[in-house]
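K.L.:
Dropping a prediction and its sequence here:
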Number of protein chains: 2
Amino acid sequence: MSEPQELKRPAFDPAEVNESNYTSYPALHRAANQTRYNRRLGDHAGLTNFGVTLTRIVPGGQSSYRHAHSRQDEFVFVLEGEVVMETNDGAQVLKAGICAGFPAGSGDAHRFVNRTDKEAKLLVIGDRTANDEISYPDVDMHAVLGPDGVYIFTTKTGEPL
Amino acid sequence: MSEPQELKRPAFDPAEVNESNYTSYPALHRAANQTRYNRRLGDHAGLTNFGVTLTRIVPGGQSSYRHAHSRQDEFVFVLEGEVVMETNDGAQVLKAGICAGFPAGSGDAHRFVNRTDKEAKLLVIGDRTANDEISYPDVDMHAVLGPDGVYIFTTKTGEPL
């Protein structure tokens, strides 16, 4: 997007941040979620109140399973390429420059899928409010945020996953 | 950035959000801060845990006076054009695609100035942590966040402004 340049902190090029397709999903649901690669820009900057993630979704990949947060807000800005946003109301194409926001507790479960043959990049922002829960309407999974900041995943009826 | 398209909420084009150069700065310091135009994307989406603002800075304009938050994190991503980021350590040019983060309490006072002849656009994210204070090293101003979510501005010694 820009020529290489010498940058001093606190400025940085997202390209210098480690990129990973790690997912904390349990093994059963892991594979489909490793088709997106995250750079945790907020963590890299030392932020703790919210996360800012640059998510690169490969063709055919998804940002996550469709999900809704109970207590955390989420905001997504399409930086590059185009994605299909799936919500409770259906699917629509979002091009670069378009955004979407999901207020905590709205119950509007969402994911972003790359149905093109080019990479897509999103900037994803979410806060770190305690006692958050994540509902996944399309898979038998549910997550509860523990006091250590780590989500515990179970089936919808609370069985270990 | 993209052709016009029909979008259904919760997706939207930032261009549809009201743009304003309003500033809550006291009259003495207001004029220099009206050279940037904000679209409050997070508010538009109904988010309350953090703000996401699309800031358009005209040539010669600034994002704000150089400032540092005591309790709120801040993150800036350059979407378009180029800005000079001024911090405690000096100035550097940030081009589109570059970002910077300012952890709460770091004391690293920052602003973004447009020294080009083209508009620059930033995505600015900040949380809403209570009891935040804002320090302004370059002007005789200080702000304290009230319980109603509104900052009260005074001089550095606490005189009304």
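P.N.:
Thanks, I have the structure now. Numbering: from 1, shown residues only, chains lettered A, B, ... in the order given.
K.L.:
Find the helix or strand that A:Asp78 is a member of.
P.N.:
Not Asp; residue A:78 is Val. In the assignment (DSSP states H and E), A:Val78 maps to strand A:74-80.
K.L.:
now do A:Glu86
P.N.:
According to DSSP H and E, A:Glu86 maps onto strand A:82-87.
K.L.:
Could you confirm whether any residue of that strand contacts chain B?
P.N.:
Yes. Under the criterion of C-beta under 8 Å from any C-beta of the partner chain, strand A:82-87 makes contact with chain B via A:Met85, A:Thr87. In this view, the C-beta of every residue, glycine as well, is placed from N, C-alpha and C.
K.L.:
got a list of contacts for that strand?
P.N.:
Strand A:82-87 is contacted from outside by A:57, A:63, A:66, A:76, A:91-96, A:100, A:108-116, A:120, A:122, B:10-11, using C-beta atoms under 8 Å, 6 or more residues apart in numbering or on different chains.
K.L.:
Who are the packing partners of the strand holding A:Val78?
P.N.:
strand A:99-102, strand A:120-127, helix B:41-44, strand B:50-57 (3 or more C-beta pairs under 8 Å, 6 or more residues apart in numbering or on different chains; DSSP states H and E).
K.L.:
which residues sit against that strand?
P.N.:
Strand A:74-80 is contacted from outside by A:1, A:54, A:85, A:94-102, A:110, A:112, A:119-126, B:41-42, B:45, B:47, B:50, B:52, B:123, B:125, using C-beta under 8 Å, 6+ apart.
K.L.:
Now the buried members of these.
P.N.:
Using 16 or more other C-beta atoms under 10 Å in any protein chain shown as the burial test, those include A:54, A:85, A:94-102, A:110, A:112, A:120-126, B:41-42, B:45, B:47, B:50, B:52, B:123, B:125 as buried.
K.L.:
just to revisit the earlier point, just the ones in strands from the contacts of strand A:82-87, please.
P.N.:
Counted as lying in strands by DSSP state E, out of these, are A:57, A:76, A:91-95, A:100, A:111-113, A:120, A:122, B:11.
K.L.:
List just the nearest of those residues to A:Thr154.
P.N.:
Proximity of the ones in strands among the contacts of strand A:82-87 to A:Thr154 (C-beta to C-beta) peaks at A:Arg111, which lies at 19.9 Å.
K.L.:
That closest one - nearest residue in space that isn't next to it in sequence?
P.N.:
Spatial nearest neighbour of A:Arg111, excluding adjacent residues (C-beta to C-beta, 6 or more residues apart in numbering or on different chains): A:Arg66 at 4.3 Å.
K.L.:
Then A:Gly158?
P.N.:
Per C-beta to C-beta, 6+ apart, closest to A:Gly158 is A:His142, 7.6 Å.
K.L.:
Return the set of residues that bridge with that neighbour.
P.N.:
Following DSSP bridges, A:His142 is listed with bridge partners A:Ser135, A:Thr154.
K.L.:
quick one, what contacts it?
P.N.:
Neighbouring residues of A:His142 by C-beta under 8 Å, 6+ apart: A:Glu133, A:Ile134, A:Ser135, A:Tyr136, A:Phe153, A:Thr154, A:Thr155, A:Lys156, A:Gly158.
K.L.:
returning to that earlier point: make JSON lines out of the helices and strands packed on strand A:74-80 and add mean pLDDT and distance to B:Thr23.
P.N.:
JSON lines is the format used below for the helices and strands packed on strand A:74-80 (pLDDT from 0 to 100; distance: least, C-beta to C-beta, whole Å):
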{"stretch": "strand A:99-102", "mean pLDDT": "98", "distance to B:Thr23": "23"}
{"stretch": "strand A:120-127", "mean pLDDT": "98", "distance to B:Thr23": "23"}
{"stretch": "helix B:41-44", "mean pLDDT": "98", "distance to B:Thr23": "16"}
{"stretch": "strand B:50-57", "mean pLDDT": "98", "distance to B:Thr23": "12"}
